[in-house]
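1. Task: produce atomic coordinates for the following.
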Amino acid sequence: MKLHKYHKNPILLPNSQNSWESLVVCNPAAWYENGTFYLLYRAAGDDEHHLIYLGLAISDDGFNFRRISDQPVLAPDIDGYDSGCEDPRLVKMGGLYYVTYAYRSYPPGRYWAADKKNYVNVPNDGIVPTALYYNISQTALAISPDLKTFKKLGRITTFDYDNRDVILFPEKINGKFVRLERPVIKPGIPAAIWINYSDNLMDWEVPRLLIAPEKAWEMKKIGGSTPPLRTEAGWLVLYHGVALYDDQYRVGALLLDAADPEIVIARTKDYLMEPEFPYETAGFYNGCVFPTGNVIVDDTLFVYYGGADRFCCVATCSVNELLKYLLSEGKR
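-> I've put the predicted structure just below:
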């Protein structure tokens, strides 16, 4: 089974009229409510620091999007803790939207360029934390009543190691907030998907391993991609895998138990989507399909993803067909 890519991809392109999104729009979070699709997308302009912002676009049909403003809805604070707002994931609980996003203490610079500049200006003196000196990824939480105005709540990961792809479940389970995450705890060990719990969304327990790489297409590393969606069969989660043989990003799926998400009911053996078209193979990460948002409308799963770290795209499939495929081909 494969996800069906929209024939008019990309659905959102860089906008040369706005300096903050003139180079990149990719990796969008998604939400659907009252007939409207929302994309909270990552954006960057053509500046050397490569400052990363979040913009907002809306749609009536899930394919044709229009920006709500020529200004970002969430911006980095280069003199604060976050010098970029990367790869948002979005859920709504009660009356608030909760957005997790990756960031670095210093701007990432033009990471794809051969002459990339390093903007970290701290000494390697054995005193400064390793995370700060190497400018590794952390994850922060922001809340919003309307996806237009945000309150940043700060870092929700441990500063000891790289930790991104932090994705909240959209409801408490057994009285706890739950999240997926991708900590790089030990160098040389492929990154995997872990699960974690909290009483208050800010303080988290020690993570527990959920799944590790198994197949050739995901052997370099895996990470959670989209927020879990509750279905009649359990929590549906998309994840990404990177292959050692070509360093490309592909997409798989998990089905987790509704009452105990540490129980993996099913997992795809083969990938559901891989880079194929120029908008996925020629950009700032060549050969990358990177889902960060998904919604279910009737029986259709809309999967929103970044192509080659440059464009916003969408793919779809039948929810029922995907669940049947998972339960028949990937049951654990």
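
2. C-alpha only now, for contacts and for neighbours.
-> Noted.

3. which stretches of the stretch 201-332 of the chain form strands?
-> 208-211, 221-224, 229-231, 234-242, 249-256, 264-267, 289-297, 300-307, 311-318 (DSSP state E, counting those that start in this stretch).

4. Buried ones in the third one, by neighbour count?
-> Read that as strand 229-231. Within strand 229-231, the residues that count as buried by 16 or more other CA atoms under 10 Å are Leu229, Arg230.

5. Centre of the chain to it, how far?
-> 18 Å (CA atoms, centre = their mean, to the nearest Å).

6. For that strand, which strands pair with it and how are they oriented?
-> Partners of strand 229-231 in the sheet, by DSSP bridges, are strand 234-242 (antiparallel).

7. about what we covered before: to Asn163, which of the strands of the stretch 201-332 of the chain lies closest?
-> Proximity to Asn163, assessed across these by CA to CA, is greatest for strand 221-224 (10.3 Å).

8. related to what we said a few turns ago, need the strands of the stretch 201-332 of the chain in CSV with distance to Leu90 and mean pLDDT, can you?
-> Output for the strands of the stretch 201-332 of the chain, formatted as CSV (distance: least, CA to CA, whole Å; pLDDT from 0 to 100):
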stretch, distance to Leu90, mean pLDDT
strand 208-211, 21, 96
strand 221-224, 13, 98
strand 229-231, 12, 98
strand 234-242, 14, 98
strand 249-256, 18, 98
strand 264-267, 23, 98
strand 289-297, 7, 98
strand 300-307, 12, 98
strand 311-318, 16, 98
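
9. Phe65 is nearest to which of those strands?
-> strand 311-318 (10.4 Å).

10. So Leu12 sits against Val24, correct?
-> No: the criterion here is CA atoms under 8 Å, and Leu12 misses it with Val24 at 9.8 Å.

11. overlap in contacts of these two?
-> Counting by CA atoms under 8 Å, 6 or more residues apart in numbering, the contacts common to Leu12 and Val24 are Phe311.

12. quick one: the helices in the protein?
-> 130-133, 278-281, 319-329 (DSSP state H).

13. got the CA coordinates for the last one in CSV?
-> This points to helix 319-329. Taking Å, rounded to 0.1, in the frame of the first residue of the first chain, the C-alpha atoms of helix 319-329 are listed here in CSV:
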residue,chain,number,x,y,z
VAL,A,319,-8.3,5.3,6.7
ASN,A,320,-10.1,2.0,6.5
GLU,A,321,-7.7,0.6,3.9
LEU,A,322,-4.7,1.7,5.8
LEU,A,323,-5.9,0.1,9.0
LYS,A,324,-6.8,-3.1,7.2
TYR,A,325,-3.3,-3.1,5.6
LEU,A,326,-1.6,-2.6,9.0
LEU,A,327,-3.6,-5.3,10.7
SER,A,328,-3.1,-7.8,7.9
GLU,A,329,0.5,-7.1,6.9
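
14. What is that helix packed up against?
-> The contact analysis (3 or more CA pairs under 8 Å, 6 or more residues apart in numbering; DSSP states H and E) places helix 319-329 against strand 249-256, strand 264-267.

15. Pick the most deeply packed of those.
-> Greatest average neighbour count among the helices and strands packed on helix 319-329 goes to strand 249-256 (a mean of 25), per mean count of other CA atoms under 10 Å.

16. residues making contact with it?
-> 217-218, 233-243, 262-275, 287-291, 326.

17. what inclination does it have with respect to strand 300-307?
-> 140 degrees (axes from the mean of the first three to the mean of the last three CA atoms, to 10 degrees).

18. what's the neighbour count on the closest residue to Val128 other than its chain neighbours?
-> Leaving aside its chain neighbours, Val128 sits nearest to Val122 (7.4 Å; criterion: CA to CA, 6 or more residues apart in numbering). Neighbourhood size, Val122 [other CA atoms under 10 Å]: 12.

19. Could you do Trp204 as well?
-> The number of residues near Trp204, taken as other CA under 10 Å, comes to 17.

20. How about the contacts made by it?
-> Counted by CA under 8 Å, 6+ apart, Trp204 has contacts Ile156, Thr157, Asn196, Tyr197, Ser198.

21. Please name the bridge partners of the fourth one.
-> What it means is Tyr197. With DSSP bridges as the rule, Tyr197 is bridged to Val178.

22. returning to that earlier point: who's more crowded, Leu12 and Val24?
-> More crowded of Leu12 and Val24, by other CA under 10 Å: Val24, with 29 against 24.

23. The more buried one touches His50, doesn't it?
-> No: using CA under 8 Å, Val24 makes no contact with His50, being 9.8 Å away.

24. what residues are shared contacts of those two?
-> Ala44.

25. where does the stretch 1-150 of the chain have low pLDDT?
-> Along the stretch 1-150 of the chain, no part satisfies pLDDT under 70.

26. quick one: the strands in it?
-> Under DSSP E, counting those that start in this stretch, the stretch 1-150 of the chain gives strands at 4-5, 24-33, 36-44, 52-59, 65-67, 86-93, 96-103, 138-144.
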